[in-house]
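fold the following and give me the result.
(2 chains)
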Amino acid sequence: LIVAFAFLASMTLLSALGVVLSRSVVHSALFMSASFLGVAGFFVMLNAPALAAFQVLIYVGAVTVLVLFGIMFTQRPQVQSFRTIINRQIWPGFFVAIGVGTFLAYVLSIQDWSGTEPGNGPQGPGPLGEILLGVNGAPEIFQLLFEVISVLLLVAIIAAIVISRRKSAEGGTDRGVEE
Amino acid sequence: VQQFLDTLSATVPLEGYLVVGAITFAIGAWGALIRRNAVVVFMCIELMINAVNLSLVAFADYLPLPPGRSRWGSLSCWQCSARAGR
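Now for the predicted structure:
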């Protein structure tokens, strides 16, 4: 387990550094997907296989494709020199990030975490579905959250349809667009 | 040799996951501060969101909670707010 943890941690952290420091935007996107894969491996180690599957599907699949489409549509991917990809705040930003990281790591390390052991929490997709739907004695607040998130996603889908129709109607017919 | 194998197969304490999440968060914050490209800034924000996700799942697996508390709802809220932000 230590070996798997070290491998996943090095993969996640090196890929995160690659996102920040790579000179090509496409390479940044690919490093980001590698970092997400490392986090998915952590989810498998933490007894959450359903979340690991969601992580691979949504983040590694959908978000990376979305970012690559965004890069393709908005800008010409080209390798730039290191001086032009950063603004003038590299050293203040570096010290701020180092401060934040050391503060968080120090606070989390001096805290006494004895008495905690792995293996708690719901395990598979079956208990996850029961909790989200509020059956079998699960708290009912997650049912409300589930419905709210469903409405949010529906609003996002309808907004995407509206925006794409309005853009496509600029050139030709504007049937169905009310303005 | 046996002791070495025992240390290799020991379980990871909670601090390990939390420190990895903290360092990933710091790297994402650094990138969001220094990069010029807006898409890369979005990617660094995604890194920070994933670091918080990792620490939430670690807490949910390690802390002794009653069944079904504080794990899936908060995670779903995080991920859907991240998606709606795009």
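
for B:Tyr17, list the residues it contacts.
B:Tyr17 makes contact with A:Phe42, A:Leu46, B:Leu54, B:Ser55, B:Ala58 under the criterion C-beta atoms under 8 Å, 6 or more residues apart in numbering or on different chains. From N, CA and C alone the C-beta is placed, and that goes for glycine too.

just those now: which is nearest A:Leu66?
Comparing the contacts of B:Tyr17 against A:Leu66 with C-beta to C-beta places B:Leu54 closest, at 21.0 Å.

pretty sure that closest one sits against A:Met45.
No - if you go by C-beta atoms under 8 Å, B:Leu54 and A:Met45 don't touch, sitting 10.5 Å apart.

please report how far A:Leu14 lies from chain B.
Per C-beta to the nearest C-beta, to the nearest Å, A:Leu14 is found 10 Å from chain B.

look at B:Leu54 and A:Met45 and report which has more neighbours.
Between B:Leu54 and A:Met45, B:Leu54 has the larger neighbour count (other C-beta atoms under 10 Å in any protein chain shown), namely 24 against 21.

quick one: which helix or strand includes that one?
Here B:Leu54, judged by DSSP states H and E, is contained in helix B:38-62.

how about that helix against chain A, any contact?
Yes - residues of helix B:38-62 are located near chain A by C-beta under 8 Å from any C-beta of the partner chain, namely B:39-40, B:42-44, B:46-47, B:50, B:53-54, B:57-58, B:60-62.

which helices and strands does that helix pack with?
Counting contacts by 3 or more C-beta pairs under 8 Å, 6 or more residues apart in numbering or on different chains; DSSP states H and E, helix B:38-62 is packed against helix A:2-21, helix A:25-45, helix A:64-74, helix B:14-34, helix B:72-85.

and the nearest residue in space to A:Val96 that is not next to it in sequence, how far from A:Val67?
In this structure, A:Val96 finds its nearest non-sequential neighbour in B:Leu33, 6.6 Å apart by C-beta to C-beta, 6 or more residues apart in numbering or on different chains. Distance of B:Leu33 to A:Val67, computed by C-beta to C-beta, to the nearest Å: 19 Å.

out of these two, which sits in the more crowded spot?
A:Val67 (23 against 19).

got a list of what that one touches?
Per C-beta under 8 Å, 6+ apart, neighbours of A:Val67: A:Ala29, A:Met32, B:Val39, B:Phe42, B:Met43.

how much space between it and A:Leu152?
Taking C-beta to C-beta, one finds A:Val67 at 21 Å from A:Leu152.

so B:Val20 sits against A:Phe7, correct?
No - applying C-beta under 8 Å as the test, B:Val20 and A:Phe7 come out as separate, 11.9 Å apart.

which one's more surrounded, these two?
Neighbours were counted for B:Val20 and for A:Phe7 using other C-beta under 10 Å; B:Val20 has more, 25 against 12.
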